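**Student:** I need the structure of the sequence given here:
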Amino acid sequence: MGIETLTIGKALNLGLRRAMEDDAKVMLMGEDIGKLGGVFRITDGLQKDFGEDRVVDTPLAEAGILGTAVGLAMRGYRPVCEIQFDGFVFPAYNQIVTQVAKIHARSKGALRMPIVIRIPFGGGIGAVEHHSESPEAYFAHTPGLKVVAVSNPVDAYWGIQQAIAHPDPIVFLEPKRRYWEKAEVDTDATPDPLFRSRVVRGGDDVTVLAYGPMVKTALQAAEAAEEEGRSLEVVDLRTVSPLDLDPVYESVRRTGRCVVVHEAAVTLGLGAEIAARVTENCFHSLEAPVLRVGGYDTPYPPSKLEEEYLPDLDRVLDAVDRSLGF
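**Tutor:** Numbering: from 1, shown residues only. As a prediction, this is how the structure comes out:
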C-alpha cells in the first residue's frame, strides 16, 4: 500500500480491515457498527465486506457486549468491542474489571483474553452528558488490563493491529475530537512497539508529558513557548498502562522540570502516578515540583462550557511558567 495520507478515523478503519484479513478469528462487536459503520464511521464498509457474523450489530447493552466477548475469547476468537462513547462503558465495567482482567490469572494461565475494547474518549466535540469523559484511570488502576491511548494516524493504524494481535485484554482509547486530523502513514513500515512512549519534540527547558488528545495541545504549547525563547520537550506516552517512563526520566534528568497534561480530572488521575514515579526516580535532578494540568474535579460540563473545562494552550503554558519560576 505504501505511504498514504490518512485521518485517525480512516487509519483505524484500515487497521481493523487488515487485522480481519490476516486472522479469520478477529471479529467486531458494537452498537451500530455494521450497516451504519459506527457513529464516527470507524467501521464503515467492514460489515459489507466481512459479513454480519464477523461485524456484529449488538443491542444497546454494554455488559452483554463484553460478556459475549469473554465467551468468544475463551473459544479462540479475538473480539474487538466498540463502546460507542466513553461514558457508556460503565454498564460493562463489572465485566471488564472482574472477568476480562482476571480470567487469565484465575485460570492459572490456561485461558487468554485477547479482547480489545475500543473507546472514543475525551471532550471537545460539543456533545451532551456521558459523551466526553476520560475514564482511563479506572482501567489503568486494574491489574490485568493494558491501556493504550493513541494520538495520531500512524499509531492508530499500527496500534489497533498490534492490540488485536496481543494475547492480553487492551482498553484502546481513541481521541474522538482528533478523528479527522491527517498525517502520512507508511503502511509498509516497521511500527514502533506498542507499549513504548516517544519523544515527539525535543527541548531543553521543561519536559511536557501527554497522551491521546492532549499531545497536540502540548505540541501547540511548545510552539508558542518557542516564540518566547523557551524550549519544551514533548513526550507522547502512547500507553498509560503499562507506563514506559525511562525516556521520561532521561528527559527530566536533563531539563529538571516536568509538566503532565491530561483531560481527566487531576485528583487521582494518571498525572499523580507519573508525578510520584518521576519524583522517586529523578528527585536530585528536579529544579521544581512535577506539575499537573488536567480537568477540574467536577462532572463534565455542558458543551457550551467545555472549553473552560478542558486543558488548553494557556493552561499548559501557565504550568510551564510556574515550573520555571521555582
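**Student:** In the stretch 1-150 of the chain, where is pLDDT below threshold?
**Tutor:** Across the stretch 1-150 of the chain, residues meeting the criterion (pLDDT under 70) sit at 1.
**Student:** hey, what's Met27 bridged with?
**Tutor:** Bridge pairing for Met27 (DSSP bridges) gives the partners Pro79.
**Student:** Surely it touches Arg78?
**Tutor:** Yes: here Met27 lies in contact with Arg78, judged by Cβ atoms under 8 Å, at a distance of 7.2 Å. Where you see a C-beta, it was placed from the backbone N, CA and C, and this is true even at glycine.
**Student:** Neighbour count: these two, which is higher?
**Tutor:** Per other Cβ atoms under 10 Å, whichever of Met27 and Arg78 has more neighbours is Arg78, with 23 against 20.
**Student:** and that one, what is it in contact with?
**Tutor:** 23, 25-27, 114-116, 164 (Cβ atoms under 8 Å, 6 or more residues apart in numbering).
**Student:** May I ask which of the residues you listed has the most neighbours?
**Tutor:** That'd be Ile115 among the contacts of Arg78, by other Cβ under 10 Å, with 30 neighbours.
**Student:** Tell me who's in contact with the closest residue to that one other than its chain neighbours.
**Tutor:** Distances taken as Cβ to Cβ, 6 or more residues apart in numbering put Pro169 closest to Ile115, at 4.6 Å, once the chain neighbours are dropped. Pro169 makes contact with 96, 100-101, 113-117, 144-146, according to Cβ under 8 Å, 6+ apart.
**Student:** quick check, nearest of these to Asp32?
**Tutor:** Nearest to Asp32 among the contacts of Pro169: Ile117, at 16.6 Å, using Cβ to Cβ.
**Student:** Break down the protein into its helices, ranges please.
**Tutor:** 8-22, 46-50, 62-74, 93-95, 103-106, 136-140, 153-165, 214-227, 246-255, 270-282, 306-309, 313-325 (DSSP state H).
**Student:** Who are the packing partners of the shortest one?
**Tutor:** Applying 3 or more Cβ pairs under 8 Å, 6 or more residues apart in numbering; DSSP states H and E, one finds that helix 93-95 makes contact with helix 62-74.
**Student:** Which positions within the helix it packs on qualify as buried?
**Tutor:** Applying a neighbour-count criterion of 16 or more other Cβ atoms under 10 Å, one finds 62, 65-70, 72-73 buried in helix 62-74.
**Student:** If we only consider those residues, which is nearest to Leu16?
**Tutor:** Nearest member of the buried residues of helix 62-74 to Leu16, counting by Cβ to Cβ, is Ala69, at 15.4 Å.
**Student:** Identify the residue nearest the closest one in space, chain neighbours excluded?
**Tutor:** Pro79 (3.9 Å).
**Student:** now swap in Lys35 and tell me
**Tutor:** Gln47 (6.3 Å).
**Student:** on that earlier part again, for the contacts of Pro169, which entry has the maximal number of neighbours?
**Tutor:** In the contacts of Pro169, the most neighbours by other Cβ under 10 Å go to Ile115, 30 neighbours.
**Student:** mind giving me TSV with the contacts of Pro169 and columns for distance to Arg54?
**Tutor:** As requested, these are exported to TSV (distance: Cβ to Cβ, whole Å):
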residue	distance to Arg54
Ile96	22
Val100	20
Ala101	25
Met113	19
Pro114	15
Ile115	15
Val116	14
Ile117	18
Gly144	27
Leu145	25
Lys146	24
